[in-house]
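J.: Turn this into a structure:
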Amino acid sequence: VIPAGNDIFGQPNQGPGAWPASLSGATILESLPQNTVNGRFGSNAIIVNDLRSGPYRWTAGNTNEGDIDFVISPAQPSDIRSFPTWTGWDAYRENGGLSFSNLTLNPLSPIFPLPASQWPDSENWGRLRLNSSLSNALPNFSWGTHPARGVIIATVAADGRDNQNFDRFDRVTPMGTFYGHAHVTDDGGDSTGRSYSPITGSQRGTGLYVSTYVVGGRPGEQDEAVIDFSAAYFPYQEGWIGGFYDTSTGSWRNRDGYPCASQGLPSSVVTSTDSLFARYTVTLPNLTPNDGMLFAQNVNDTNETSITGVLPTATGWDIAQRYDEVRDVAGTSSFAFNDGDARFCFVFVPWSANNLVAGQVNPSGEVARGAGQFFLSQVSTGVYALQIPGKTNQTGTLLVHGAGSTPSDATIPDNTFFNWTFNPENNTFIIRSRVLDNGTNAWGESYPLRDAGFYFMYIDFTTPASLPQAATCDPDVNQDGNSDQGDVDYIINVIAGGDNPTNIDPDFNRDGNSDQGDIDAIVNVIAGGNCP
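T.: Numbers count the residues shown, from 1 in each chain. Okay, here's the model as predicted:
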């Protein structure tokens, strides 16, 4: 539904670009003006230095400290004003809760450092967002990402960062170098960034966004932090299997009336293995680690966040979450609590995917399983070098996540966290595995490297991994073993607001609406027609 009126440049508001129907990825390089105060004054004034993405272009509907509300496929992908790398973004700021719609109000110089004591006394000063009170927007009209449409997975793409900012309580203690980890927040449309909802087609909050955090403890849980990261969006429409599991209900998250998982996937694939602590097992129908990888990530929306470890087993994947401030080199500490803050998302990536470049790597650097052409070796403790012929950080991005056990117990998922950087001198992706330990910095911490097992996946900006389109539209939506009138009646009932025990997405033709078109599409497929 295109909003009435004009955008901020006086041009008619418009709809989004192409529907993001297949895997795409992005890397965002970001920083802060010097002398900001972490978690407080100026910390929302993010400077986006570079944003690389593809095959669909990615941009942002909101940036604030550790949060990036990614949106995909802007209406004007060739217009530099559609992207946060455009310097004009610095003019769109909040001051005292007031929104504004011109280039002259409250501009922020990204290179002029202010003393920490002189930042305006407003927590959100410097925040870029297009909120619901703003009737016009930048020309980045894009599709939001939504947990009922697909999964986002993210990885930190920097080995430590010093943003030259200060502690929020005394404004004197430098935050110093920190190491980060990433997760995804599934607020389902409540975020402040604006985009087109892939559920309703209306302008609303983006739905999913990536958050980056300090590994370690900071006063007052001021854990969000600005650091480079990569991300990939796996739409269910293409056939990717995954979902968002709500640990407080023992089922899929439900947003806007839709189950947040791939079509027909029962929530029983996730089982809790500990009533007190955040430990789970994912067992997918007819699939094991011999068939593919499982990437998983915490998705709570508070600053009490966790590092998620995955351990492939004979039949599935064990998952464990640990609070990111626990100092524990060996991985023997307690897990996070099994409560609402432990909810997580996951996506399965089959080894048989087209154009896949990926691997499962043992702590020693030995490749246990791989797909595509690459060369990987261990450089030193916790450091691995990955070369992909003809590929760089300009041609694609990288996901890296733990996939192994603790050094002392082969049955427990590890607690390491990962990052990657790119060395242009030899076109090598450098992957590092670290743990949190006691140390001598201002926070009493250190971040030593340690060998650990992991999964990696390269997402090419032109030809990323893909799945057969036919896998996206099984017409047996009521799961009775037949494709017949019962399935048509079932989807009609769900579209009308009836019960949905098999958790199907009634938007069968994936056009963003649940209507007669979906009924026609399933009738056509049952009759032998093509997948929509």
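J.: and Q485, what are its phi and psi?
T.: With angles defined as degrees, to the nearest 10, Q485 sits at phi -60, psi -30.
J.: Next one: it from G528, what distance?
T.: Using CB to CB, to the nearest Å, Q485 is found at 15 Å from G528. Any C-beta I mention is one placed from the backbone N, CA and C, and that applies to glycine too.
J.: One more: G264?
T.: 20 Å.
J.: Give me the more crowded residue out of those two.
T.: G264 (18 against 7; other CB atoms under 10 Å).
J.: And the pLDDT at the more buried one?
T.: At G264, the model reports a pLDDT of 86.
J.: That one in helix, strand or coil?
T.: With DSSP: H, G, I helix; E, B strand; the rest coil as the basis, G264 sits in coil.
J.: wait, it sits on F508?
T.: No: look at G264 against F508 with CB atoms under 8 Å: they stay out of range, at 11.4 Å.
J.: Which neighbours do the two have in common?
T.: Shared contacts of G264 and F508, defined by CB atoms under 8 Å, 6 or more residues apart in numbering, comprise V477.
J.: for the helix or strand S433 falls within, what is the average pLDDT?
T.: In the assignment (DSSP states H and E), S433 maps to strand 428-434. Confidence for strand 428-434, expressed as mean pLDDT, is 98.
J.: So which other helices or strands are in contact with it?
T.: Under the contact criterion of 3 or more CB pairs under 8 Å, 6 or more residues apart in numbering; DSSP states H and E, strand 428-434 touches strand 383-387, strand 396-402, strand 417-423, strand 454-460.
J.: Remind me what the next helix or strand after that strand packs against, helices and strands.
T.: Going down the chain from strand 428-434, the next helix or strand is strand 437-438, by DSSP H and E. If you count contacts as 3+ CB pairs under 8 Å, 6+ apart, strand 437-438 packs onto strand 445-446.
J.: mind listing what the strand it packs on pairs with, with the direction of each?
T.: Sheet pairing of strand 445-446 (DSSP bridges) gives strand 437-438 (antiparallel).
J.: before we move on, the earlier item: list of residues touching the strand holding S433?
T.: 159, 179, 215, 379, 382-388, 393, 398, 400, 402, 416-423, 447-452, 454, 456.
J.: same question, stretch 3-21
T.: With contacts defined as CB under 8 Å, 6+ apart, stretch 3-21 is touched by 2, 56-57, 72-77, 81, 101-102, 135-139, 141-143, 145, 195-196, 198, 203, 233, 235, 237-238, 510-512.
J.: pLDDT averaged over that stretch - what is it?
T.: Averaged across stretch 3-21, pLDDT comes to 83.
J.: List the buried residues of it.
T.: Within stretch 3-21, the residues that count as buried by 16 or more other CB atoms under 10 Å are P3, D7, I8, N13, P16, G17, W19, P20.
J.: what secondary structure does the first one sit in?
T.: Pointing back at P3 there. Under three-state DSSP, P3 comes out as coil.
J.: For it, give its distance to D474.
T.: Taken as CB to CB, the span from P3 to D474 is 36 Å.
J.: what distance separates stretch 377-385 from the centre of its chain?
T.: 26 Å (CA atoms, centre = their mean, to the nearest Å).
J.: got the CA coordinates for that stretch in PDB?
T.: Extracted C-alpha coordinates of stretch 377-385, given in PDB (Å, rounded to 0.1, in the frame of the first residue of the first chain):
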ATOM      1  CA  SER A 377      44.200 -24.200   6.900                       C
ATOM      2  CA  GLN A 378      45.000 -23.400  10.500                       C
ATOM      3  CA  VAL A 379      47.400 -20.600  10.900                       C
ATOM      4  CA  SER A 380      47.900 -20.600  14.600                       C
ATOM      5  CA  THR A 381      45.800 -21.300  17.700                       C
ATOM      6  CA  GLY A 382      42.200 -20.300  17.000                       C
ATOM      7  CA  VAL A 383      43.100 -18.700  13.700                       C
ATOM      8  CA  TYR A 384      42.100 -20.200  10.300                       C
ATOM      9  CA  ALA A 385      42.800 -19.000   6.700                       C
END
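J.: I would like the residues contacting that stretch, please.
T.: 361, 364-365, 376, 416, 428-434, 448-452.
J.: contacting residues for the closest residue to F422 other than its chain neighbours?
T.: Of all residues not flanking F422 in the chain, N393 sits nearest, at 3.9 Å (CB to CB, 6 or more residues apart in numbering). When contacts are counted by CB under 8 Å, 6+ apart, N393 touches T27, R52, F422, P424, F429.
J.: export the residues you listed to a markdown table and tack on neighbour count?
T.: Formatted as a markdown table, the contacts of N393 follow (neighbours: other CB atoms under 10 Å):
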| residue | neighbour count |
| --- | --- |
| T27 | 24 |
| R52 | 19 |
| F422 | 17 |
| P424 | 9 |
| F429 | 25 |
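J.: Nearest to I153 among those residues?
T.: T27 (13.3 Å; CB to CB).
J.: wait, what's in contact with that closest one?
T.: T27 touches D50, L51, R52, S53, A157, D228, F229, S230, A231, N393, T397, counting by CB under 8 Å, 6+ apart.
J.: Could you report the pLDDT at it?
T.: As predicted, T27 sits at a pLDDT of 98.
J.: ditto for W119
T.: For W119, the pLDDT comes out at 63.
J.: what about the strands in the stretch 301-450 of the chain?
T.: Taking DSSP state E, counting those that start in this stretch as the test, the strands found in the stretch 301-450 of the chain are 306-312, 317-323, 344-350, 357-361, 367-371, 375-380, 383-387, 396-402, 417-423, 428-434, 437-438, 445-446.
J.: So G39 sits against G220, correct?
T.: Yes: with contact defined as CB under 8 Å, G39 counts as touching G220 (7.1 Å).
J.: That's all I had, so thanks and see you.
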